[in-house]
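S.K.: My questions concern the predicted model and sequence given below.
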Amino acid sequence: MEYAPAPESRAVVSLRTSYELFIDGEFTPAKSGEELTTVNPADEEPLARVAVAGAADIDRAVAAARRAYEGAWGRMSGAERGKYLFRIARIIQERSRELAVLESLDNGKPIKETRDVDLPLVAAHFFYHAGWADKLSHAGLGPAPRPLGVAAQVIPWNFPLLMLAWKIAPALATGNTVVLKPAETTPLTALAFAGICQEADLPPGVVNIVTGAGDTGRALVAHPGTDKVAFTGSTEVGREIARAVAGTGKRLTLELGGKGANIVYDDAALDQAVEGIVSGIFFNQGHVCCAGSRLLVQESVADELLPRLRARIERLRLGDPLDKNTDIGAINSAAQLDRIRELARAGADEGAESWSPACRLPERGYWFPPTVLTGVTQAHRVAREEIFGPVLSVLTFRTPEEAVAKANNTPYGLSAGVWTEKGSRMLWTAERLRAGVVWSNTFNKFDPASPFGGYKESGYGREGGRHGLEAYLVHAA
Amino acid sequence: MPVGSGPGRLAVRKTYKLYVGGAFPRSESGRCYPVTGAHGGHLANAALASRKDARDAVVAARKAFAGWAGRTAYNRGQILYRVAEMMEGRRAQYAAEIAEADGIAADHADRLVCAAVDRWVHYAGWPDKIAQVMGGANPVSGPYFNLSTPEPTGVVAVLAPQRAPLLGLVSVIAPVIATGNTCVVVAAERAPLPALTLAEALATSDLPGGVVNILTGRTAEIAPHLAAHADVNGIDLTGAVPEDAVELERAAATTLKRVLRPRPGEDWTADPGLTRMTAFLETKTVWHPVGR
């Protein structure tokens, strides 16, 4: 069945041709004088030029954050701080349509997801943390926990505004000030958020946004004037940051890659499982660190499950991210598309069978069709390396022990899924999975009240919930 | 032949060895080093553990992990209390050892031994409470049963403090294993003998072999191998000298180990709080739909 196009209007977004850094409550040109261009990955059209922060700009931002920490923000009561966060949450709700469209333009993800998933969660994160600001002594971290100071935060491009909320909301609720660097391919919603801070009359310097690429991030992370580093991104960069932070005494939390296993037992409700598998790997084009990128299906139901899965994937709609019927949007960048292509090719070269639905890719922009690789073994690169794209590797197992062993056979430990109608089997499996989040008979659910984070090389620390506050507070003895 | 401890009797000296996988092997390297007391007198020879010994100890700790983590919290608490029982009966021996090692008065040594025994008793109460204190139900905005539980991180390398050879040692081991981790401990280089006598208490206290493995030797020589080891999940740098601690933290970054940094001047007699346990805990959040 064909649907008529149902595009969301771009008119709610007024893009500027260029954007400056947000430091000390003001938009200010970068001393570096450099710029980068952010493009719409769906059509490769430039959206705006964005300033690149150099070392001197990072100095300014950190100094502003320090002044704010030692000044107004540090002296404010928790109750007043919380009110600022409530205010920000409300503005996000009011402007959510604008922000959703902007996010889809800059990131390439479908409007359906930015509108129905990202933005409601962004607002929820500020609401949730707003309420903690005056209750920190009840968080179980000692009677009078104290903030750390200035937090350096570096976030990825897959959920630009949501990751910003995950970083900024807990930092501010606990009384810290922040310097945040968004990803170079998706800086626009962070800059819109800077405007929201102004609209909320947040004291200058409490939030600073410095845009740029890897060098800007490195300069921020290495800056001696910060007390805390928080990073979400690749395991490779996470290692580099852990090395840079070693010996400085700074606190560090890392939210890194994953290779999540989605285990389907023979007694699972198969149609329900199919929905979960699809959302597990194709949600956000598979640009999800906790994606269920390895499907482990019990051998006895594989022949029944896989045709149903393919039939479901045939019905996914790929194309214009601003079309309200689109399920799969664009890959975020040319570089990411190359990486997905390389790994998918490696899968085929190593003997896996590759399948994609018959779907026409748009002529311009960065696109990759939903892809299922079957006949994958544990030694294959596609079963070991994070692809970060809409590519599902399928493996089979015979016994629950084998499922657990295969699921855990990875240096990562971020997420896993379990599909079974039997509660005892679900709990048995969840107990043995070495992963920070286990979704049983569901997948890719997030909530600000629910801690999220990885085991092993998926990083350390948790974000969200009571546990997430610990990353921004001085340990009581 | 007369029986007793008359003037003609030759004392039977103790040979101190490593404690790995529940057994007491010599170093595979065949090396040892002389341990001297506070006043310079020779006390004994201790094994000088090698890189291979460290790797063997990690293998033993990994092998023991699933079983130890999988025991009921109640059972882990019982075993920790049993360690306290085993030590209590040998208080005089521990006191003599640390008095010799540190050159302290007998009554001071006895107080430190009592504190070490009491620390086991303290941690014996934790295994079945930590999940209630650190975990809980999350009120997510949707029809889900959502529960966060703490879990051990895995194999933890522990560099025991160089001072406080018994109380400090117990204070760094007990929190790590109370929560279900297994560990490889590098004993205080200068005063390793109390650690090996502790191993004798551990070996007779129902603690499964491999849960605690104790190496003696040069901390600076063994630690880099543990910090870089791909099958070690966390490292406690308490016993590292500051210059080495930075390099070890850097090495640990390669495999993204959980690192507990040294806190100079740590007071081992103070209430230990939670941080030594939470440093080596993961939080697992399980979601399940609620519906009919």
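M.R.: Yes, it's here.

S.K.: Buried residues in stretch A:61-78, which are they?
M.R.: For stretch A:61-78, the neighbour count (16 or more other Cβ atoms under 10 Å in any protein chain shown) marks A:61-69, A:72-74, A:76, A:78 as buried. In short, each C-beta sits where N, CA and C put it, glycine included.

S.K.: no no, stretch A:376-396
M.R.: Here stretch A:376-396 shows A:376, A:380-383, A:385-396 as buried, counting by 16+ other Cβ under 10 Å.

S.K.: Stretch A:330-350 too?
M.R.: For stretch A:330-350, by 16+ other Cβ under 10 Å, it's A:330, A:331, A:332, A:333, A:336, A:337, A:339, A:340, A:343, A:344, A:347, A:350.

S.K.: Then stretch A:242-256?
M.R.: A:242, A:244-248, A:250-256.

S.K.: Residue B:153 and residue A:235: what is the separation?
M.R.: Taking Cβ to Cβ, to the nearest Å as the measure, residue B:153 falls 17 Å from residue A:235.

S.K.: how about the residues of the stretch 151-292 of chain B that lie near chain A?
M.R.: B:153-154, B:233, B:245-246, B:249-250, B:252-256, B:258, B:261, B:270-271, B:273, B:275, B:278, B:282-289 (Cβ under 8 Å from any Cβ of the partner chain).

S.K.: Just those: which are in strands?
M.R.: B:258, B:282, B:283, B:284, B:285, B:286, B:287, B:288, B:289 (DSSP state E).

S.K.: Of the residues of the stretch 151-292 of chain B next to chain A, grab the buried ones for ChimeraX.
M.R.: A single ChimeraX command selects the buried members of those (16+ other Cβ under 10 Å):
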select /B:153,154,233,245,246,249,250,252,253,255,256,258,261,278,282,283,284,285,286,287,288
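
S.K.: Run through chain A and note the low-pLDDT ranges.
M.R.: A:1, A:476-477 (pLDDT under 70).

S.K.: Please repeat the previous calculation with a cut-off of 50.
M.R.: Residue ranges of chain A with pLDDT under 50: A:477.

S.K.: Quick check: closest non-adjacent residue to the residue nearest to the spatial centre of it.
M.R.: With distances taken as Cα atoms, centre = their mean, residue A:159 lies nearest the centre of chain A, 4.3 Å away. Nearest residue to residue A:159, sequence neighbours excluded (Cβ to Cβ, 6 or more residues apart in numbering or on different chains): residue A:118, at 6.2 Å.

S.K.: can you pull the contacts of that neighbour?
M.R.: A:100, A:103, A:109, A:159, A:161, A:162 (Cβ atoms under 8 Å, 6 or more residues apart in numbering or on different chains).

S.K.: quick check, it in a helix?
M.R.: Yes: using DSSP: H, G, I helix; E, B strand; the rest coil, the assignment for residue A:118 is a helix.

S.K.: Give me the distance between it and chain B.
M.R.: 15 Å (Cβ to the nearest Cβ, to the nearest Å).

S.K.: One more: residue A:353?
M.R.: Per Cβ to the nearest Cβ, residue A:353 is found 32 Å from chain B.

S.K.: Would you confirm that that residue contacts residue A:380?
M.R.: No: using Cβ atoms under 8 Å, residue A:353 is not in contact with residue A:380; the gap is 11.6 Å.

S.K.: Give the helix, strand or coil label for the one residue in the stretch 301-450 of chain A that gets nearest to chain B.
M.R.: Closest to chain B within the stretch 301-450 of chain A is residue A:447: 3.7 Å, counting by Cβ to the nearest Cβ. When classified by three-state DSSP, residue A:447 comes out as coil.

S.K.: thought it was touching residue B:143?
M.R.: No: in this structure, residue A:447 is not within contact of residue B:143 by Cβ under 8 Å, at 11.7 Å.

S.K.: Look at the two and report which has more neighbours.
M.R.: Between residue A:447 and residue B:143, counted using other Cβ atoms under 10 Å in any protein chain shown, the more crowded position is residue A:447 (22 against 10).

S.K.: What is the neighbour count of residue 165?
M.R.: Just going to use chain A. 27.

S.K.: should've been chain B
M.R.: 27.

S.K.: One more: residue A:38?
M.R.: 26.

S.K.: Quick check: bridge partners of it?
M.R.: Residue A:38 has the following beta-bridge partners by DSSP bridges: residue A:48.

S.K.: Tell me how far it lies from chain B.
M.R.: 30 Å.

S.K.: Report the mean per-residue pLDDT for stretch B:22-30.
M.R.: Across stretch B:22-30, the average pLDDT comes to 97.

S.K.: Give me the pLDDT for the residue of the stretch 51-200 of chain B found nearest chain A.
M.R.: Ranked by Cβ to the nearest Cβ, the top residue of the stretch 51-200 of chain B for proximity to chain A is residue B:140, at 3.7 Å. Predicted confidence (pLDDT) for residue B:140: 97.

S.K.: Remind me which helix or strand it belongs to.
M.R.: Under the criterion DSSP states H and E, no helix or strand holds residue B:140.

S.K.: Would you work out how far apart the start and end of stretch A:190-210 are?
M.R.: 9 Å (Cα to Cα, to the nearest Å).

S.K.: so can I have JSON lines of the ones in strands among the residues of the stretch 151-292 of chain B next to chain A showing distance to residue A:152?
M.R.: Formatted as JSON lines, those follow (distance: Cβ to Cβ, whole Å):
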{"residue": "B:258", "distance to residue A:152": "20"}
{"residue": "B:282", "distance to residue A:152": "24"}
{"residue": "B:283", "distance to residue A:152": "24"}
{"residue": "B:284", "distance to residue A:152": "28"}
{"residue": "B:285", "distance to residue A:152": "26"}
{"residue": "B:286", "distance to residue A:152": "32"}
{"residue": "B:287", "distance to residue A:152": "31"}
{"residue": "B:288", "distance to residue A:152": "36"}
{"residue": "B:289", "distance to residue A:152": "38"}
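
S.K.: For residue A:273, which three-state class applies?
M.R.: Secondary structure, three-state DSSP: residue A:273 is helix.

S.K.: repeat for the one 5 residues further on
M.R.: For residue A:278, the secondary structure call by three-state DSSP comes out as helix.

S.K.: Then residue A:392?
M.R.: Strictly by three-state DSSP, residue A:392 counts as strand.

S.K.: ok, it - contacts?
M.R.: Residue A:392 touches A:277, A:281, A:292, A:293, A:294, A:295, A:370, A:371, A:372, A:373, counting by Cβ under 8 Å, 6+ apart.

S.K.: Could you do residue B:9 as well?
M.R.: Counted by Cβ under 8 Å, 6+ apart, residue B:9 has zero contacts.

S.K.: Please report the distance of it from chain A.
M.R.: On the measure of Cβ to the nearest Cβ, residue B:9 and chain A end up 50 Å apart.

S.K.: got the contact list for the closest residue to residue A:466 other than its chain neighbours?
M.R.: Among residues not flanking residue A:466 along the chain, residue A:139 sits closest, at 5.4 Å (Cβ to Cβ, 6+ apart). Residue A:139 makes contact with A:132, A:145, A:466, A:469, A:470, A:473, according to Cβ under 8 Å, 6+ apart.

S.K.: same question, residue A:177
M.R.: By Cβ under 8 Å, 6+ apart, the contact set of residue A:177 is A:65-66, A:68-69, A:73, A:149-151, A:171, A:205-208.

S.K.: ok so, going back, may I have the phi/psi pair for the residue of the stretch 301-450 of chain A closest to chain B?
M.R.: phi -160, psi 140 (degrees, to the nearest 10).

S.K.: Do I have it right that residue A:350 meets residue A:381?
M.R.: Yes: if you go by Cβ under 8 Å, residue A:350 and residue A:381 touch, sitting 6.6 Å apart.

S.K.: Which strand or helix spans the most centrally placed residue in chain B?
M.R.: Taking Cα atoms, centre = their mean, the centroid of chain B lies closest to residue B:173, which sits 2.7 Å from it. Residue B:173 is part of helix B:167-178, with elements assigned from DSSP H and E.

S.K.: what about stretch A:170-185, how long is it end to end?
M.R.: 24 Å.

S.K.: That one: how far from the chain's middle?
M.R.: Here stretch A:170-185 is found 14 Å from its chain centre; the criterion is Cα atoms, centre = their mean, to the nearest Å.
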